[in-house]
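>>> Here is a sequence together with a model predicted from it:
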Amino acid sequence: MTIIQQNDRPTYTGTGRRKASVARVRLIPGSGKLIINGLPGESYLQFSPNYIRITYGPLKILGLTEEYDIFVNAQGGGLTGQADAIRLGIARALCCINPDNRTALKSEGYLTRDARVKERKKYGLRKARKAPQFSKR
């Protein structure tokens, strides 16, 4: 969460993580466009209303959907993890803009890092917990 001055426009950054996904988010004052990995946000999120709603959640809470251009570098995982990682990155960047935003975002749960990750496979098992069928004889 840093502030970088670039071309007389401040840039606010935030990093979000979820499952195996990492999203580096930059907020720049602008018209409200979303660019993810060089593609328009709606196109990258496959025009899924659920993913788009998740991504814009922190901005809608604060009423800033048309105030900032969002540039995202997302990698790893799938679209669900990336959408949640972008949401966390945007929320952290918004806290950097104005510390008063923190209370509203925290009460909605947008600043909580979801720590659930895939459990590793153990030897002797088929998956993380699934055991082979037991045979008495």
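In hand now; what should we look at? Numbers count the residues shown, from 1 in each chain.
>>> Run through the helices of this structure in chain order.
Secondary structure of the chain (DSSP state H): helices at 41-44, 49-62, 79-97, 101-108.
>>> Verify the stated contact: Ala128 with Lys122.
Yes - here Ala128 reaches Lys122: they are 6.5 Å apart, a contact under C-beta atoms under 8 Å. All C-beta spots, glycine's among them, are computed from the backbone N, C-alpha and C.
>>> which regions of the protein lie under the pLDDT threshold?
1-3, 5-7 (pLDDT under 70).
>>> change it to 50
For the chain, no stretch is flagged by pLDDT under 50.
>>> who are the neighbours in contact with the closest residue to Leu64 other than its chain neighbours?
Using C-beta to C-beta, 6 or more residues apart in numbering and skipping the chain neighbours, the partner closest in space to Leu64 is Leu94 (7.3 Å). Listed by C-beta atoms under 8 Å, 6 or more residues apart in numbering, the contact set of Leu94 reads Tyr12, Gly14, Leu27, Pro58, Leu59, Leu62, Leu64, Asn101, Leu105.
>>> Ok, Tyr110 next?
Gly57, Pro58, Ile61, Arg87, Leu88, Ala91.
>>> Distance-wise, check it relative to Phe134.
Distance, Tyr110 to Phe134, by C-beta to C-beta, to the nearest Å: 45 Å.
>>> Okay then, goodbye and thanks.
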